[in-house]
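> Make a model of this:
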Amino acid sequence: MLIIATILCVAVLAATVLMKRARDRDLLERHSITPEDLHRLLASHDDLALFDVRHPLDLLANSVVIPGARRVAPEEVMANPALIPREQDTVVYCTCPSDKTSRVVLRRALARGFLRTKFLKGGLEAWQAKGYPVERYDQTFHLSSTDAAPSR
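Just a heads-up that it's a prediction; the model follows:
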């Protein structure tokens, strides 16, 4: 009897985990955009907010951004999600494997009700692989968020 109860508990737990993963995958799919779709959207949509949320070392290694993108360190967005406009179509991108940083920022934005936010599938690398334009990023930035913190 104990074996059957254990098997049932494991089965319920496994089913719950699989359902949550499927729900997360569906949510991410609905809130993602391909480089091709973003390129078309940028050409036809003046009111799109675009954010480069790469980590500073990634920006240092590849100091270009998609034209019109605003550079915001991921730590800043996590500390202050209001940096992303709630009532405006918004796209975030990074260069992490599997878009990890963009997905984290997206999840935080969605949890706070920022439902018009998407992440760029494949990030900056996918954008550049399609031959879409980039521009040099020559503004000063800090290599860590602690460097940017005001002294007290």
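> does the residue nearest the centre of the chain count as helix, strand or coil?
The centre of the chain sits closest to residue 102, judged by Cα atoms, centre = their mean, with a distance of 1.6 Å. Assigned by DSSP: H, G, I helix; E, B strand; the rest coil, the conformation of residue 102 is helix.
> Wait, it touches residue 95, no?
No. The criterion here is Cβ atoms under 8 Å, and residue 102 misses it with residue 95 at 9.2 Å. From N, CA and C alone the C-beta is placed, and that goes for glycine too.
> Need the residues touching each of those two.
residue 123 (Cβ atoms under 8 Å, 6 or more residues apart in numbering).
> So what's the residue count around the residue lying closest to the residue nearest to the centre of the chain once chain neighbours are set aside?
If the residues on either side of it in the chain are set aside, residue 102 comes closest to residue 119, at 3.7 Å by Cβ to Cβ, 6 or more residues apart in numbering. Residues contacting residue 119 under the criterion other Cβ atoms under 10 Å number 26.
> per-residue confidence at residue 119?
We note a pLDDT of 90 for residue 119 in this prediction.
> Shouldn't it be within a helix?
No. Looking at residue 119 with three-state DSSP, it is strand, so not inside a helix.
> Helices of this protein, residue ranges please.
Secondary structure of the chain (DSSP state H): helices at 2-30, 35-44, 56-61, 74-79, 100-111, 123-129, 145-148.
> where are the low-confidence patches of this structure?
Residues of the chain meeting the criterion pLDDT under 70: 8-12, 14-28, 97, 144-152.
> If we use 50, what do you get?
Across the chain, the ranges flagged by pLDDT under 50 are 146-152.
> I'd like to know how far residue 62 sits from residue 123.
Going from residue 62 to residue 123 by Cβ to Cβ, to the nearest Å gives 11 Å.
> list the contacts for residue 130?
Residue 130 neighbours (Cβ under 8 Å, 6+ apart): 35-36, 39.
> got it, and residue 65?
52, 71, 124, 134-135, 137 are the contacts of residue 65 under Cβ under 8 Å, 6+ apart.
> Among the residues you listed, which one lies nearest to residue 5?
residue 124 (50.7 Å; Cβ to Cβ).
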